[in-house]
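Novice: The following block contains a protein sequence and its predicted model.
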Amino acid sequence: DNIIVSSTDFENFNSHTESEDSLRSDEAVNLILGEITEDDVFENNSALFYTQILLTANNIDLGDNPIVDSVVLSYTYSGYYGDLEEFSSLEVIELSEVIHKDSIYYSNSEIINANFPINLVKSFSLNTDELAPMLKIKLVDSLGQKILNYGNEALIDNEAFLQNFHGLAIAAQ
């Protein structure tokens, strides 16, 4: 939360924070992404998220021998803390474990990505225009080709798709 102090009298002002072991983080309305490293009090803090990609329609027919043109992941954002000029490194890794919609996840949960430790980011751009703030991440074409190679059977519906493609971990460094 944003903390607003409206008094300029700090002579008798006391404040403290309480550490939480973990917070429930599944089905979050807002996702947090970033890292703060230059704070003497709170030291290094980072926020990343896991996400699933879902099909926009069922029974997708890819035709014969489809080839990927490009793979772009984009997120609109609202609000930020810190200097966006220092947002210089991003990592996207394919999940090797399933995210279960009916499960509860906490902020200290970690999904191991031992099978897919490769950063999939080719490049990214951050549009800071107030009317259309957006993070666009260009991913390696091989990820898209891998999905196309699943074939039409994996694209029948989201259940079939998620059995093959579990999702992504996205982290700023």
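Specialist: Perfect, I can see it now. The model shown is predicted, which means the values in this text are computed figures rather than measured ones.
Novice: And the helices in this protein?
Specialist: Taking DSSP state H as the test, the helices found in the chain are 141-149, 158-164.
Novice: what's the distance between the longest one and the middle of its chain?
Specialist: On the basis of Cα atoms, centre = their mean, to the nearest Å, helix 141-149 is displaced by 19 Å from the centre of the chain it belongs to.
Novice: which residues in the chain form strands?
Specialist: All strands of the chain, identified by DSSP state E, fall at 34-36, 45-51, 71-76, 90-94, 121-127, 134-139, 168-172.
Novice: Let's have those in CSV, adding distance to residue 61, mean pLDDT and mean neighbour count.
Specialist: Where you see a C-beta, it was placed from the backbone N, CA and C, and this is true even at glycine. Formatted as CSV, the strands of the chain follow (distance: least, Cβ to Cβ, whole Å; pLDDT from 0 to 100; neighbours: other Cβ atoms under 10 Å):
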stretch, distance to residue 61, mean pLDDT, mean neighbour count
strand 34-36, 39, 79, 16
strand 45-51, 26, 83, 15
strand 71-76, 20, 94, 14
strand 90-94, 24, 92, 18
strand 121-127, 28, 93, 14
strand 134-139, 23, 95, 17
strand 168-172, 25, 89, 20
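Novice: could I get the ones you listed as JSON lines with distance to residue 23?
Specialist: Converted to JSON lines, those look like this (distance: least, Cβ to Cβ, whole Å):
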{"stretch": "strand 34-36", "distance to residue 23": "17"}
{"stretch": "strand 45-51", "distance to residue 23": "12"}
{"stretch": "strand 71-76", "distance to residue 23": "21"}
{"stretch": "strand 90-94", "distance to residue 23": "23"}
{"stretch": "strand 121-127", "distance to residue 23": "27"}
{"stretch": "strand 134-139", "distance to residue 23": "23"}
{"stretch": "strand 168-172", "distance to residue 23": "18"}
